[in-house]
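K.L.:
sharing a model that was predicted from the sequence below.
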Amino acid sequence: MKKAIVYVVGVVVALVIIIYRLKSIQHENTERTNLVKESSSGAVPVLVSRVMRTAFDNTFTANGNFEAVNQIELAADVAGRITHLNVREGSVVKAGDVIAVVDNEVFRADLQAEKARIDQAKQDLERYEKALATGGVTQKQVDDMRLQVETSQSKYIQAQRKLNDAQIKAPVSGVINQRFVELGSYLAPGSKVVEIVDISRLKLAVTISESQVVQLKTGDRVNVTTTVFPETHYAGTITFIAPKGDATLNYPVEIEIVNVKGKELKAGMYGTAHFNLPEQTPLMLIPRSAFTSGVNSNHVYLLHDGKAHGQKVVAARLFGDQVEVREGLHEGDSLITSGQINLTEGTPVVVQR
């Protein structure tokens, strides 16, 4: 008896499902038939969305590599053979430390010779000035001798500079990252000696799109994270924004950070900058597909009284498949987002569901 009841109930449920499904199919067919009738009468099927303002998330990230704020390749200013080399790769140096010494015997001799010429020229000038008072020499001779003294003094300064440059000193503090010479190497002016890298201050070099870079300014604070120390946050400050973008309309931006003790980053490591910008007024965003002949056409269609009407707009920034519109639309407008290829001004349309 119970089995019979269960069987009957199952049959009834199945019949109900079948009847519901048949009615659903009949309803869909009716809608399609109506759509075809409307289309055949000249109405173009389209998709429509309601225009509204959207709160825009101003947070974004950018990835890049760290570079040393102070990183230089130290070169020789004078020619000569290295007689002393005080550093190796990995050596820590301070600004003013002597890195290497070039043979300075000739420079020292030149300095002494120029000193002697100055002393002789000063003595001659003194005698000429005394002789001028008695008429023994002319004023021009005195002036020429005075010029000779000044010339000798200039040559002395140059000789002193060469002697000083024979000691190659570190202009900044840092670590010797690479040494290009050995003891006894002969240097020409401009020859690279060492590369000095100061990692106490690093900068993260990233590129930012044109729609994002206009919201940034130097001095803005930026939170920086890394994969090597994911638990540590480094406080960054924007120190440079390129005035010119590259071929892809991206703009180089530099963010300077101060290393955290015990979690020191090194130049060349990978980092992520997190930009949290102030909240902006909600933007009017519409799909890119709404534009006829592309975004640059600044032309869309609106639906009014069952017909398509063209509308000129002012398109601004792109956000993926969404476009910011500054002028031409109002909240609540019915925007045609598909089917525009078949539209002209005043074409009857039918909205697809």
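P.N.:
Thanks, I have the structure now. Residues are numbered from 1 along each chain as shown.

K.L.:
tell me how this structure divides into domains.
P.N.:
39-56+281-351, 59-68+198-276, 104-165 (automatic domain parsing).

K.L.:
any chance of those domains in CSV, with distance to residue 94, mean pLDDT and mean neighbour count too?
P.N.:
For the C-beta atoms, the positions are set from N, CA and C on the backbone; glycine is no exception. Listed next are these as CSV, based on distance: least, C-beta to C-beta, whole Å; pLDDT from 0 to 100; neighbours: other C-beta atoms under 10 Å:
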stretch, distance to residue 94, mean pLDDT, mean neighbour count
domain 39-56+281-351, 49, 89, 15
domain 59-68+198-276, 10, 91, 16
domain 104-165, 18, 89, 14
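
K.L.:
which of the three states applies to residue 302?
P.N.:
Using DSSP: H, G, I helix; E, B strand; the rest coil, the secondary structure recorded for residue 302 is strand.

K.L.:
who's it bridged to?
P.N.:
In this structure, residue 302 bridges to residue 309, residue 335 when assessed by DSSP bridges.

K.L.:
show me the helices in the stretch 51-200 of the chain, by range?
P.N.:
105-134, 139-165 (DSSP state H, counting those that start in this stretch).

K.L.:
circling back to that earlier point, and the domains of the chain as a markdown table, adding distance to residue 175?
P.N.:
Formatted as a markdown table, these follow (distance: least, C-beta to C-beta, whole Å):
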| stretch | distance to residue 175 |
| --- | --- |
| domain 39-56+281-351 | 43 |
| domain 59-68+198-276 | 7 |
| domain 104-165 | 23 |
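
K.L.:
between those domains, which one is closest to residue 82.
P.N.:
When these are compared by C-beta to C-beta, domain 104-165 sits nearest residue 82, at 11.2 Å.

K.L.:
quote the end-to-end distance of that closest one.
P.N.:
Domain 104-165 has its terminal residues 9 Å apart, counting by C-alpha to C-alpha, to the nearest Å.

K.L.:
neighbouring contacts of the helix or strand harbouring residue 323?
P.N.:
Here residue 323, judged by DSSP states H and E, is contained in strand 322-327. Residues from elsewhere that reach strand 322-327 (C-beta atoms under 8 Å, 6 or more residues apart in numbering): 283-288, 290-291, 295, 313-318.

K.L.:
many thanks, have a good one.
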